[in-house]
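Colleague: Need a 3D model of the following:
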Amino acid sequence: MEKISFYSLNLDDLRELFVQNGFKAFSANQLFGWVYKRRVYNPELWTNISKTLKEFISEKMDLSLPKIVWQGESKDGTRKFLVGMKDGQSVEAVAIPAKDRLTLCLSSQVGCAIGCTFCHTGTMGLKRHLSTDEIVGQLLATEKWMRDNIDTKIQYTNMVYMGQGEPLHNYENVKSATEIFLNDLGLGFGQRRITLSTSGLVPQIIKLANFPPVNLAISLHAAHDDVRTELMPINKVYDLKRLFEALKSIPLKAYRRITYEYILIRDLNDQMKDIQGLLSLLDKRKSKINLIPFNEYPESHFKKPSDKQIMWFQKQLLDNDIVCTIRTTKGADILAACGQLKSEQEKGKLNLWE
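Modeller: Take a look at the predicted model:
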């Protein structure tokens, strides 16, 4: 019988499994503590777990992590990982350092079905969803690699679902993984430390009322339907009107804002008419715009605007009382920046499975 991955179970699932097999429910708390709190994966070191329970875990559960098959470091310290799964598929995850944080940009799918024309991942198509344990495993496997090879005290402070895939297309597994990330007895991330980014799957956005209350980012990228449809084919089905009607149904906690990601592309969505469109769409009290200068990659015909144009665009929004930031591009030299992720073996550049 195939073993159950430990990383697929939330705390309630693990407690139920233990009780059903004659063990105490609190043993699940202890196991969560060893694996998630202390990052101790060797059962021989679990001093308060009984021998009988260790034997049960060894027989029934799989604690192995995804394989780091390749990693590369950018000149700015950003580190990209190619994370291999048991079936030979792989995804990319990115560790992004800053002064007071270490953020993991993790993937939710192998490839992506949305097909945004500015995104490198979209050229892969969708291979499959990642399971809950594969999503959780990305964090643990990449962190373990850094602890083993760089610094034993390294730990992620933030995480964003902005890697490969559309998180809400894989709603149930992303939700389950997020519950594990948030659990105080587990990985213990605060709600404000996790950001979910979506291209705008309206039926799934409506379901966010039942999703853990993490930060929400919307891949907007255009304020007019014709331009957004050119960039994001999903807009043909879920246009701006439907998208913003769905967003009104999401209960925001006090002082929370929805972040609107806006990739600036030269001569396409960086003009005054685009400013005016954004002002007509957004609720200033509940909105924040994160401008992302387009990160160029091979095969793309889009270009980044000049720095002068980017600063002008931001100033117009700030002058109209819209909170607006410019995302610092990191990892572009190793294709680890926003919109650049793509499993390298898909292009035949790395023979990873030989």
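Colleague: Need the pLDDT of His120.
Modeller: Here, the pLDDT recorded for His120 equals 75.
Colleague: Please report how far Ser27 lies from Arg38.
Modeller: Separation of Ser27 from Arg38 (Cβ to Cβ, to the nearest Å): 16 Å. For the C-beta atoms, the positions are set from N, CA and C on the backbone; glycine is no exception.
Colleague: do the same with Gln138
Modeller: Gln138 is 19 Å from Arg38, by Cβ to Cβ.
Colleague: Tell me which of the two has more neighbours.
Modeller: For Gln138 versus Arg38, neighbours defined as other Cβ atoms under 10 Å are more numerous around Gln138 (29 against 11).
Colleague: Check for me that the more buried one belongs to a helix.
Modeller: Yes - using DSSP: H, G, I helix; E, B strand; the rest coil, the secondary structure at Gln138 is a helix.
Colleague: right, and it touches Leu104 too?
Modeller: Yes - judged on Cβ atoms under 8 Å, Gln138 makes contact with Leu104 at a distance of 7.4 Å.
Colleague: shared neighbours, the two?
Modeller: Ala93 (Cβ atoms under 8 Å, 6 or more residues apart in numbering).
Colleague: can you pull the contacts of Ile4?
Modeller: Neighbour list for Ile4: 17, 60-62 [criterion: Cβ under 8 Å, 6+ apart].
Colleague: Report the beta-bridge partners for it.
Modeller: Note on Ile4: beta-bridge partners by DSSP bridges are Met61.
Colleague: Local confidence estimate at it?
Modeller: pLDDT at Ile4 comes out at 96.
Colleague: for the one 5 residues further on, same thing?
Modeller: With respect to pLDDT, Leu9 scores 97.
Colleague: Please report phi then psi for it.
Modeller: Here is the backbone geometry of Leu9 (degrees, to the nearest 10): phi -110, psi 130.
Colleague: Ok, the one 4 residues further on next?
Modeller: Taking degrees, to the nearest 10, you get phi -60, psi -40 for the backbone angles of Asp13.
Colleague: likewise Met159?
Modeller: Per-residue torsions, Met159: phi -150, psi 150 (degrees, to the nearest 10).
Colleague: could you say what helices and strands the longest strand along the chain packs with?
Modeller: Assignment by DSSP state E gives strand 90-98 as the longest strand of the chain. When contacts are defined as 3 or more Cβ pairs under 8 Å, 6 or more residues apart in numbering; DSSP states H and E, strand 90-98 packs onto strand 79-84, strand 101-105, strand 109-111, helix 132-149.
Colleague: Minimum distance to Asn235: which of the ones you listed has it?
Modeller: With Cβ to Cβ, the closest approach to Asn235 among the helices and strands packed on strand 90-98 belongs to strand 109-111: 19.6 Å.
Colleague: tell me the mean pLDDT over the closest one?
Modeller: Strand 109-111 carries an average pLDDT of 94.
Colleague: Likewise for stretch 312-326?
Modeller: Averaging pLDDT residue by residue across stretch 312-326 gives 97.
Colleague: Next, work out how far apart the residue lying closest to Asp321 once chain neighbours are set aside and Cys105 are.
Modeller: Among residues not flanking Asp321 along the chain, Lys284 sits closest, at 5.3 Å (Cβ to Cβ, 6 or more residues apart in numbering). For Lys284, the distance to Cys105 equals 28 Å [Cβ to Cβ].
Colleague: between those two, which one's more packed in?
Modeller: Counting neighbours by other Cβ under 10 Å for Lys284 and for Cys105 shows that Cys105 has the greater number, 27 against 13.
Colleague: got the residue ranges for the helices in the chain?
Modeller: Using DSSP state H, the helices assigned to the chain run over residues 11-20, 26-32, 51-60, 132-149, 171-182, 202-206, 225-231, 240-247, 272-281, 307-319.
Colleague: what does the last one contact?
Modeller: Around helix 307-319, the neighbours that count as contacts under Cβ under 8 Å, 6+ apart are 264, 266, 270, 272, 274-275, 278, 289, 291, 293, 305, 324-326.
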